[in-house]
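# One predicted model, sequence on top.
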Amino acid sequence: AQRVTQPEKLLSVFKGAPVELKCNYSYSGSPELFWYVQYSRQRLQLLLRHISRESIKGFTADLNKGETSFHLKKPFAQEEDSAMYYCALGNLIFGKGTKLSVKP
Amino acid sequence: DSGVTQTPKHLITATGQRVTLRCSPRSGDLSVYWYQQSLDQGLQFLIQYYNGEERAKGNILERFSAQQFPDLHSELNLSSLELGDSALYFCASSARAGHQDEQFFGPGTRLTVL
């Protein structure tokens, strides 16, 4: 069955610290993976997708097929990164989300 | 506003009732997706329409139905409502039928069933 797991409900880091939001997926084929973000009082929006291999707002995510993971990373967290982050498989299967809180 | 719009913003109703949620996609987008977000749950995909036709189906209950009209707006009908149907219902749109395109989300409709 297709599934996305985000093991952390809440992740709290200090400003300037590295951050990694975990995402593991279950899928037998070649996955298409996405990260969406929802800032306070804003709509859910695309942050990045693995096929474009871009860095958005300093975030990157690498697809690891061996570990079936697509973790989201940023070397130095900023307060404005505080938001809900959702990992999505095939743009239809979403994880439950991780709330990132960046403290000053 | 050329983004995805959803009406109403809030809806409070009683068990056993029927409601209709409305979504207008982003200008030019042909696909509409419906999601349910309950307390402590992620986004659960319900159904997708592309250019008026059902394209993909998720965990949508038989009490729920949807359609997409010729002007591409979509409606999600929820009937015989139960307390557990209380949730945030999101609509999203994308340009094409496939699932590799960026989805643009609406602000959601918060449904409360009393």
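On my side now, so go ahead.
# Show me which residues of chain A sit near chain B.
When proximity is defined by CB under 8 Å from any CB of the partner chain, chain A lies next to chain B at A:4, A:6, A:32, A:36, A:43-46, A:49, A:51, A:86, A:90-97. C-beta coordinates here come from the backbone N, C-alpha and C atoms, glycine included.
# Just the buried residues out of those residues, in ChimeraX syntax.
Here is the ChimeraX command that selects only those of those that count as buried (16 or more other CB atoms under 10 Å in any protein chain shown):
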select /A:4,6,32,36,43,44,46,49,86,90,91,92,93,94,95,96,97
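# Quick one: residues contacting the spatially most central residue of chain B.
With distances taken as CA atoms, centre = their mean, B:W34 lies nearest the centre of chain B, 3.2 Å away. B:W34 makes contact with B:23, B:45-48, B:60, B:66, B:74, B:76, B:89-91, according to CB atoms under 8 Å, 6 or more residues apart in numbering or on different chains.
# Okay, and which of the residues you listed map to helices?
Among these, no residue falls in helices (DSSP state H).
# out of those, which are buried?
The neighbour-count test (16+ other CB under 10 Å) marks B:23, B:45-48, B:60, B:66, B:74, B:76, B:89-91 as buried among these.
# Pick out whichever of those residues sits closest to B:A14.
Taking CB to CB as the measure, B:A14 sits nearest to B:Y89 out of these, at 17.4 Å.
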